[in-house]
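>>> Based on what follows, work out the 3D shape:
(2 chains)
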Number of protein chains: 2
Amino acid sequence: MGVLSEFYEDLQPDQRFELGSKTFDADYIKGFAAKYDPQSFHMDEEAAKKSHFGALCASGWQTISSWMRLYVDTNLADRAAREKNGEVLTELGVSPGIEQIKWMRPVYVGDEITYSQTIMSKRPLNSRPGWGLVMSMCEGVNQDGEMVLSFVSKSMVQTRV
Amino acid sequence: MGVLSEFYEDLQPDQRFELGSKTFDADYIKGFAAKYDPQSFHMDEEAAKKSHFGALCASGWQTISSWMRLYVDTNLADRAAREKNGEVLTELGVSPGIEQIKWMRPVYVGDEITYSQTIMSKRPLNSRPGWGLVMSMCEGVNQDGEMVLSFVSKSMVQTRV
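From the prediction side, this is the model:
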């Protein structure tokens, strides 16, 4: 289940969606860094040892992009299952934005990050009949239960009527 | 010049850093989407035509990750030049986070996005002597002068003393 497959009426505060986990290996970390964040502590083990991070760690933008990947996978799988069941699918809305990204801890080689999304609030969009705005708290937690990422996501969600 | 190479005392509100431009071709857009945002309108021209975007366009996470790449390139080049001149380099600080990401318009195939960073405000960090917090407005503008991305970045910047 996911925000992209539910109608506005079916989403409620505190509803939680588990998005799955991703293990960050060195190749995965370096692959993103080479293209988007070539700072030495994301690219090279020896340089990372001498940095304030102390070891190779992922770009924060990869930590959050990996949330996005699992969010999309979860939602597309849910939509495909619903379509197979003959259910009416919601139209996909555009994201009006993201608030308050926090990277609490580095994600090091071998860390397994478990991602989730929890509905915080919702309101109808008077400016756009047939749609509502849903705010949710999105999180990533490592294998030791420590939070590494949080942010607030805004989603446009279609109403039933 | 860039925020990562200046000392806190040398950064002032309204100071603007030009980070350069990136042209988004179809391979670049699909390469990111395949790994981090495999929605059909970021992956396939035909599917994108039928979507609300009307044509293949970049994941918003790639638009912002591309800002990061040019930010890192600009700052690393500046730091290398200063080091060559025998200047004392600032220590690199951790980002306490990002606020208010907005994606105003899609980035389509062939769009050239020009990125910048403008200092908004700064304050000393009482909790961490020797460091200040700098807030800046980060933007991406397309070849038609239309803003496609903005967000507020928080940076920890070292003081001289």
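
>>> next SSE after the host helix or strand of residue A:117?
Per DSSP states H and E: residue A:117 is located in strand A:112-124. Using DSSP H and E, the helix or strand that follows strand A:112-124 in sequence is strand A:131-141.

>>> Output that following strand as CSV, nothing but the C-alphas.
Extracted C-alpha coordinates of strand A:131-141, given in CSV (Å, rounded to 0.1, in the frame of the first residue of the first chain):
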residue,chain,number,x,y,z
TRP,A,131,-7.6,17.0,-5.0
GLY,A,132,-6.3,17.1,-1.5
LEU,A,133,-3.0,17.9,0.1
VAL,A,134,-1.4,15.2,2.3
MET,A,135,1.5,15.9,4.5
SER,A,136,3.6,13.0,5.6
MET,A,137,6.7,12.3,7.7
CYS,A,138,9.3,10.3,5.8
GLU,A,139,12.1,8.5,7.6
GLY,A,140,15.1,6.3,7.2
VAL,A,141,16.4,4.2,10.1
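
>>> mean confidence score for that strand?
Strand A:131-141 shows a mean pLDDT of 96.

>>> Please identify the buried residues of the following helix or strand past it?
Counting by DSSP H and E, the next helix or strand C-terminal to strand A:131-141 is strand A:147-158. By 16 or more other CB atoms under 10 Å in any protein chain shown, the buried positions in strand A:147-158 come out as A:148-158. For every residue, glycine as well, the C-beta is placed using N, CA and C.

>>> a markdown table for those residues, including pLDDT and distance to residue A:50?
Output for these, formatted as a markdown table (pLDDT from 0 to 100; distance: CB to CB, whole Å):
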| residue | pLDDT | distance to residue A:50 |
| --- | --- | --- |
| A:148 | 98 | 22 |
| A:149 | 98 | 25 |
| A:150 | 98 | 29 |
| A:151 | 97 | 30 |
| A:152 | 97 | 35 |
| A:153 | 96 | 36 |
| A:154 | 94 | 40 |
| A:155 | 91 | 41 |
| A:156 | 91 | 45 |
| A:157 | 92 | 47 |
| A:158 | 92 | 51 |
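
>>> Show the contacting residues for residue A:7.
Residues in contact with residue A:7 (CB atoms under 8 Å, 6 or more residues apart in numbering or on different chains) are A:90, A:157-160.

>>> Which pair in the residues you listed has the greatest spatial separation?
A:157 and A:160 (10.5 Å; CB to CB).

>>> intersection of neighbour lists for these two?
Overlap of the contact sets of residue A:157 and residue A:160 (by CB under 8 Å, 6+ apart) consists of A:7-8.

>>> wait, doesn't residue A:35 sit right on residue B:72?
No - at 11.0 Å, residue A:35 and residue B:72 do not qualify as touching, with contact defined as CB atoms under 8 Å.

>>> residues in contact with residue A:36?
A:59, A:61-62, B:65-66, B:68-69.

>>> Please tell me how far the closest residue to residue A:2 other than its chain neighbours sits from residue A:22.
Residue nearest to residue A:2 in three dimensions, not counting chain neighbours: residue A:75, with 3.8 Å by CB to CB, 6 or more residues apart in numbering or on different chains. With distances taken as CB to CB, to the nearest Å, residue A:75 is found 16 Å from residue A:22.

>>> I am finished for the moment; much appreciated.
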